[in-house]
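Asker: have a look; sequence and predicted model below, questions after that.
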Amino acid sequence: MTAAPLKARTLLGDYPNTAALKSGAVASPRLGFDFDDVKLPQTAFKAVVRGEYDIAELAIVTYLQAFAHGRPVTLLPTVVMAIPPHPCLAYNTARGRLGPGDLAGRRIGIRAHSVTTVAWVRGILAEDYGVDLDGIHWVAFEDPHVPECVEPANVSRAPAGKALTGMLRAGELDAGVVSVSDQQDGVLAPVIPDPAAALARWRERHNAQPLNHVVVLHRDLARAQPWVAGEMVRLLQQSAARAPDMPGADSIQSGIEAMRPSLDLIIHHAFRQGLIPRRFAVDELFTM
């Protein structure tokens, strides 16, 4: 008699590279999924950190903080979502041109202090454009996903009921970390000039990709059923192979060595920004 597959409570976003897995077109005889119906995975990241899922998507900076504070999740060597950070810092064109050299003393809206895209943007501003991050007033709209994360003094909370893009369009913020889709009407535009060219130079210089969301296992599952890690990576690789032409496909990486330069770099930024207490070695992030 064939054993029934292990059923895992799973959080995974709807992306071209996950579609085949979520639809069942890519499947495993050993591992099944009870996918949570969550439209935006980041809204469940606090639950992931608390250990409420067997398998889950999670932002890499959130994972670094969860790892630092002993939360019951362990990293798999695979990326499911990556966003180029260079176009995401935007300003309101109606208020005049704003470049990286103009950010001192400005108010920049961010979803939360520990958001991975925000960490990438801050690292790029500091290291590529010489911006003093302490000289910026950061306005956050959400708490960090890991409660031990301490926000610095130059981070404040946005007024209740306000939205980041709304404040940016109303002139209540000087800039904000927003999606590229929020900039389609031409009112908002990237602070970093020619962000596509800047991204290409950044990738070449660091040999890295701007990874955002990775996949984690509950530590108890990883230890009790060590085969699950490899099976999950295999399934995600097969699913991603069904979407080779998706935008940013080169950033959807698998394998520790393929991810190592990107992980090294985000660890560097997270430590420099006070998000984690020390520089972790890449290999220790995968401890079961």
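Answerer: Thanks, I have the structure now.
Asker: tell me the contacts of the spatially closest residue to Lys46 that is not a sequence neighbour?
Answerer: Leaving aside its chain neighbours, Lys46 sits nearest to His145 (5.1 Å; criterion: Cβ to Cβ, 6 or more residues apart in numbering). In short, each C-beta sits where N, CA and C put it, glycine included. For His145, the contact set (Cβ atoms under 8 Å, 6 or more residues apart in numbering) comprises 42, 45-46, 48-49, 59, 62, 65, 112, 114.
Asker: remind me what the longest strand seen in the chain packs against, helices and strands.
Answerer: Looking across the chain with DSSP state E, the single longest strand is strand 73-82. With contacts defined as 3 or more Cβ pairs under 8 Å, 6 or more residues apart in numbering; DSSP states H and E, strand 73-82 has these neighbours: strand 55-59, helix 60-68, strand 211-218, helix 219-224, helix 227-241, helix 256-272.
Asker: need those in TSV with distance to Ile108, mean pLDDT and mean neighbour count, can you?
Answerer: Below are those laid out as TSV (distance: least, Cβ to Cβ, whole Å; pLDDT from 0 to 100; neighbours: other Cβ atoms under 10 Å):
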stretch	distance to Ile108	mean pLDDT	mean neighbour count
strand 55-59	19	98	26
helix 60-68	17	98	24
strand 211-218	19	98	25
helix 219-224	36	97	16
helix 227-241	33	97	18
helix 256-272	16	97	18
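Asker: could I get those in a markdown table, plus columns for distance to Gly101?
Answerer: Output for these, formatted as a markdown table (distance: least, Cβ to Cβ, whole Å):
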| stretch | distance to Gly101 |
| --- | --- |
| strand 55-59 | 29 |
| helix 60-68 | 26 |
| strand 211-218 | 27 |
| helix 219-224 | 45 |
| helix 227-241 | 39 |
| helix 256-272 | 20 |
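Asker: of those, which is nearest Ala94?
Answerer: Judged by Cβ to Cβ, the one of those that comes nearest to Ala94 is strand 211-218, at 29.7 Å.
Asker: partner strands of the closest one, with direction?
Answerer: strand 55-59 (antiparallel), strand 73-82 (antiparallel) (DSSP bridges).
Asker: flag every buried residue along the longest one.
Answerer: Using 16 or more other Cβ atoms under 10 Å as the test for burial, strand 73-82 gives 73-82.
Asker: farthest pair within these?
Answerer: Maximum pairwise distance among these (Cβ to Cβ): 20.7 Å, between Thr74 and Ala82.
Asker: and which of the contacts of His145 is nearest Pro261?
Answerer: Of these, the one sitting nearest to Pro261 (Cβ to Cβ) turns out to be Ala59, at 18.5 Å.
Asker: now do the contacts for that closest one.
Answerer: Counted by Cβ under 8 Å, 6+ apart, Ala59 has contacts 42, 45, 115-116, 145, 212-214.
Asker: kindly report the same for Asp54.
Answerer: Neighbour list for Asp54: 8-10, 217-218, 221 [criterion: Cβ under 8 Å, 6+ apart].
Asker: now do the helices in this structure.
Answerer: 19-23, 45-50, 60-68, 116-129, 164-169, 195-206, 219-224, 227-241, 256-272 (DSSP state H).
Asker: do you know which of those helices lies nearest Pro29?
Answerer: Of all those, helix 227-241 sits nearest to Pro29, with 9.8 Å by Cβ to Cβ.
Asker: that closest one packs against which elements?
Answerer: Against helix 227-241 (3+ Cβ pairs under 8 Å, 6+ apart) you get helix 19-23, strand 31-35, strand 73-82, strand 211-218, helix 219-224.
Asker: how about CSV for the helices of the chain, with distance to Ala94 added?
Answerer: Shown next, in CSV, are the helices of the chain (distance: least, Cβ to Cβ, whole Å):
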stretch, distance to Ala94
helix 19-23, 39
helix 45-50, 34
helix 60-68, 32
helix 116-129, 22
helix 164-169, 8
helix 195-206, 20
helix 219-224, 50
helix 227-241, 40
helix 256-272, 31
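Asker: can you tell which of those is closest to Pro247?
Answerer: Short answer: helix 195-206, nearest of these by Cβ to Cβ, at 12.0 Å.
Asker: if you count neighbours, what's buried in that closest one?
Answerer: For helix 195-206, burial by neighbour count (16+ other Cβ under 10 Å) applies to 195, 198-199, 202-203.
Asker: packing partners of it?
Answerer: Counting contacts by 3+ Cβ pairs under 8 Å, 6+ apart, helix 195-206 is packed against helix 116-129.
Asker: what does the helix it packs on contact?
Answerer: Helix 116-129 is contacted by residues 59-62, 83, 85-86, 88-89, 100-101, 103, 110-112, 131-133, 177, 192, 198, 202, 210, 212-213, 265-266, 268-270, 272-273, 275 when judged by Cβ under 8 Å, 6+ apart.
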